[in-house]
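*Asks:* Pasted the sequence and its predicted model underneath.
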Amino acid sequence: MASVRKEIAINAPAARVWAALADFHAVHKRLAPGFVTDSKPDGDGVRVVTFANGTSAREILVDSDAERMRLVYAIAGSERLTNHSASAQVIAEGEHSCRFVWIADFLPNAIAPYIDGQMQKGAEIMKQALECP
């Protein structure tokens, strides 16, 4: 199983970054605007997201842990992926800064370069969207 990890430093309070991450259905507005262009609820704890490159994914909320500021989701029904699960966690590093750790595990392994590139773009956009001016 392939795994991609992105870790970024964000100049913003951890609580503010967590609030954006935890707002599962507003990913396109609060967490990654421009990278994710739309998010529509599709049942309880499920969203269908559309990305800027035109692809879409049905993401299932597996867990949202406010105490650990960690969210876990899985992608279901993908034509390109036979398995996909991911986590994102916010780690406070002071009053006005934090780290954002995003990890995806998936099959097939051959899609790793594409996933890595997409996650890199997403991480860069999240940093821009979340940082304090």
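*Replies:* Arrived safely, thanks for sending.

*Asks:* how far is the host helix or strand of Leu71 from where the chain is centred?
*Replies:* Assigned by DSSP states H and E, Leu71 belongs to strand 70-76. Distance of strand 70-76 from its chain centroid, counting by C-alpha atoms, centre = their mean, to the nearest Å, is 8 Å.

*Asks:* got it, and stretch 75-84?
*Replies:* Averaged C-alpha coordinates place stretch 75-84 at 16 Å from its chain's average position (C-alpha atoms, centre = their mean).

*Asks:* who touches it?
*Replies:* 1, 57-60, 74, 85-86, 104-108, 111 (C-beta atoms under 8 Å, 6 or more residues apart in numbering). In this view, the C-beta of every residue, glycine as well, is placed from N, C-alpha and C.

*Asks:* Ok, stretch 11-20 next?
*Replies:* Residues outside stretch 11-20 that contact it (C-beta under 8 Å, 6+ apart): 10, 26, 30-31, 66, 69, 90-93, 95-98, 100, 129-132.

*Asks:* partners of Ser64 in the sheet?
*Replies:* Assessed by DSSP bridges, Ser64 has beta-bridge partners Leu71.

*Asks:* how many other residues sit next to it?
*Replies:* The tally of other residues near Ser64 (other C-beta atoms under 10 Å) stands at 16.

*Asks:* Please tell me how far it sits from Ala19.
*Replies:* Per C-beta to C-beta, to the nearest Å, Ser64 is found 12 Å from Ala19.

*Asks:* Check whether the nearest residue to Arg30 once chain neighbours are set aside sits in a helix, strand or coil.
*Replies:* Ranked by C-beta to C-beta, 6 or more residues apart in numbering and with sequence neighbours excluded, the top spatial neighbour of Arg30 is Ala20, at 4.0 Å. Three-state call for Ala20 (DSSP: H, G, I helix; E, B strand; the rest coil): helix.
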